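Enquirer: What would the 3D arrangement of this be:
(2 chains)
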Amino acid sequence: MNPDPSWRLVAPDALVSRSWDDELVLYNDVTGDTHHLSVLGHAVMTMLASRPSGIALAALVRGIADDAGTSADGELAEVVERTLAHLAELRLATPVSA
Amino acid sequence: MIVAELAAAELRRRLTGPGLRLRLGPVATEIRSPFAVVASGLALLYAKHEVLGAGDFADFRVAVEPPFGVRRFVAPQALFKFDGNTRFRPLPAAQAFPLLEWGLNWCITMHCHQYLIIHSAVLERNGRALLLPAPPGSGKSTLCAALVARGWRLLSDELALVELDGTRVVPIPRPISLKNRSIDTIARFWPDAAIGDVVPDTLKGSVAHVRPPADSVQRARESAVPAWVVLPRYENGAAMELAALPKCDAFMRLVDSAFNYSVHGRAGFDALAALVDGSDCYAFTYGGALDEAVAAFDRFASS
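Expert: The predicted structure follows:
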């Protein structure tokens, strides 16, 4: 098992979004679903969108920590992993190897 | 010509013959019905609506008629027909007028896809539209009637027709539907209101309709710019509270309240996003003090 998998958006061109108060709503033209993402979900989606070919989990956590002015500790990594799992369930993000 | 200018006999002749053609905001509707309660309901509640000529195009051709057979005589029923085809299960004949209203709502929500249609009351002040999207039982129509009673223009009690660029709401002023206790509440709050017959024992309980003001009907071609999205919630005896609502939350509530959001796909998302962009969003709880509630809306409308 890869200890530091990379992640990417499933269909970036199919997404249209709007942000208010750092939260995000987005429409996925592939599934027809509309989603409401938290501040962290928004941050993860933004980071994934900036790296279309994929970004390793550790780099993703570091990037989010830098943007938030906090440290990339294990607690943040755990929350980001949970967020990625949630985005995968929504068919918005996927591990690159998948 | 408006409905009030038609003699009762002529109204019945049209309803039982070639059809009564009415202008309902952006749509024209042809109505046929032999039921006296439909004729009296239309005479009272659509009194200010424009009557169209026999040669004018009708977007919808509807009828509320008795079924064939013995049910004409025993426990009579009413059927709603669209283009000659029966829709919905029959209801007791005494519910023929509410059935017409519910059927017209169905016609609009199923066919007017040139708009994004949201289950929402819409009112207007100074060209700016207030949307009250809410599920049944939230006090939406009671609040809507109270605001109309105090001078807000009615665009709709039930259906917000949003242009697909999200920047205008198109009026479709029709009677305001009240249920159960709200009928007496509005009768007391708005003594001059023209309220139709109370029809008991419907699927929604007792229902009655309030005639929209003449000014609202006459200005049905004047759309309004969305300015406020307020999610109302009636809670018996609760203190009034108007709280800012995060726009993402308001957006998702509007998605849930839109009848044809999925029909429009990305265009529907864009329309709602533009609407929310241009609106202040609130959650509003009230406990039945309508004067206090109207005053709260008047305050932010004048700000």
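Enquirer: distance of the residue most central in space within chain A from residue A:5?
Expert: Residue closest to the mean C-alpha point of chain A, counted by C-alpha atoms, centre = their mean, is residue A:44 at 3.1 Å. Per C-beta to C-beta, to the nearest Å, residue A:44 is found 14 Å from residue A:5. In short, each C-beta sits where N, CA and C put it, glycine included.
Enquirer: What of residue B:31?
Expert: Distance of residue B:31 to residue A:5, given as C-beta to C-beta: 63 Å.
Enquirer: who does the residue nearest to residue B:215 when sequence neighbours are not counted bridge with?
Expert: Spatial nearest neighbour of residue B:215, excluding adjacent residues (C-beta to C-beta, 6 or more residues apart in numbering or on different chains): residue B:153 at 6.7 Å. Counting by DSSP bridges, residue B:153 is bridged to residue B:124.
Enquirer: number of nearby residues for residue B:153?
Expert: 24 (other C-beta atoms under 10 Å in any protein chain shown).
Enquirer: list the contacts for it?
Expert: With contacts defined as C-beta atoms under 8 Å, 6 or more residues apart in numbering or on different chains, the neighbours of residue B:153 are B:123, B:124, B:125, B:171, B:213, B:215, B:216, B:219, B:224.
Enquirer: wait, what's in contact with the residue of the stretch 101-250 of chain B found nearest chain A?
Expert: Residue nearest to chain A within the stretch 101-250 of chain B: residue B:247 (3.7 Å; C-beta to the nearest C-beta). Residue B:247 makes contact with A:20, A:21, B:276, B:277, B:281, according to C-beta under 8 Å, 6+ apart.
Enquirer: redo that, cut-off 10 Å
Expert: By C-beta atoms under 10 Å, 6 or more residues apart in numbering or on different chains, residue B:247 lies in contact with A:18-21, A:23, A:25, B:229, B:273, B:276-277, B:279-281.
Enquirer: And the strands in chain A?
Expert: According to DSSP state E, chain A carries its strands in the segments A:6-9, A:15-20, A:23-28, A:33-37, A:55-56, A:93-95.
Enquirer: Check the ones you listed for me and report the most buried one.
Expert: The highest average neighbour count among those, using mean count of other C-beta atoms under 10 Å in any protein chain shown, belongs to strand A:23-28 at a mean of 22.
Enquirer: if we can go back for a sec, select only the buried ones of the contacts of residue B:153 in PyMOL?
Expert: With 16 or more other C-beta atoms under 10 Å in any protein chain shown as the criterion, this PyMOL line picks the buried residues out of the contacts of residue B:153:
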select buried, chain B and resi 123+124+125+171+213+216+219+224
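Enquirer: any chance of the contacts of residue B:153 in a markdown table, plus pLDDT and distance to residue B:239?
Expert: Formatted as a markdown table, these follow (pLDDT from 0 to 100; distance: C-beta to C-beta, whole Å):
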| residue | pLDDT | distance to residue B:239 |
| --- | --- | --- |
| B:123 | 98 | 23 |
| B:124 | 98 | 28 |
| B:125 | 96 | 25 |
| B:171 | 98 | 33 |
| B:213 | 98 | 30 |
| B:215 | 98 | 33 |
| B:216 | 98 | 31 |
| B:219 | 98 | 35 |
| B:224 | 98 | 30 |
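Enquirer: could you dump the contacts of residue B:153 to JSON lines with distance to residue B:204?
Expert: As requested, the contacts of residue B:153 are arranged in JSON lines below (distance: C-beta to C-beta, whole Å):
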{"residue": "B:123", "distance to residue B:204": "22"}
{"residue": "B:124", "distance to residue B:204": "26"}
{"residue": "B:125", "distance to residue B:204": "29"}
{"residue": "B:171", "distance to residue B:204": "24"}
{"residue": "B:213", "distance to residue B:204": "24"}
{"residue": "B:215", "distance to residue B:204": "28"}
{"residue": "B:216", "distance to residue B:204": "23"}
{"residue": "B:219", "distance to residue B:204": "29"}
{"residue": "B:224", "distance to residue B:204": "28"}
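Enquirer: and the stretch 101-250 of chain B, which residues reach chain A?
Expert: B:246, B:247, B:248, B:249, B:250 (C-beta under 10 Å from any C-beta of the partner chain).
Enquirer: now the last one, nearest residue through space, not along the chain?
Expert: Take residue B:250 and drop its neighbours on the chain: the residue closest to it by C-beta to C-beta, 6+ apart is residue B:281, 3.7 Å away.
Enquirer: quick one: strands adjacent to the helix or strand containing that neighbour?
Expert: Using DSSP states H and E, residue B:281 sits within strand B:280-286. When pairing is defined by DSSP bridges, strand B:280-286 lines up against strand B:225-234 (parallel), strand B:241-244 (antiparallel).
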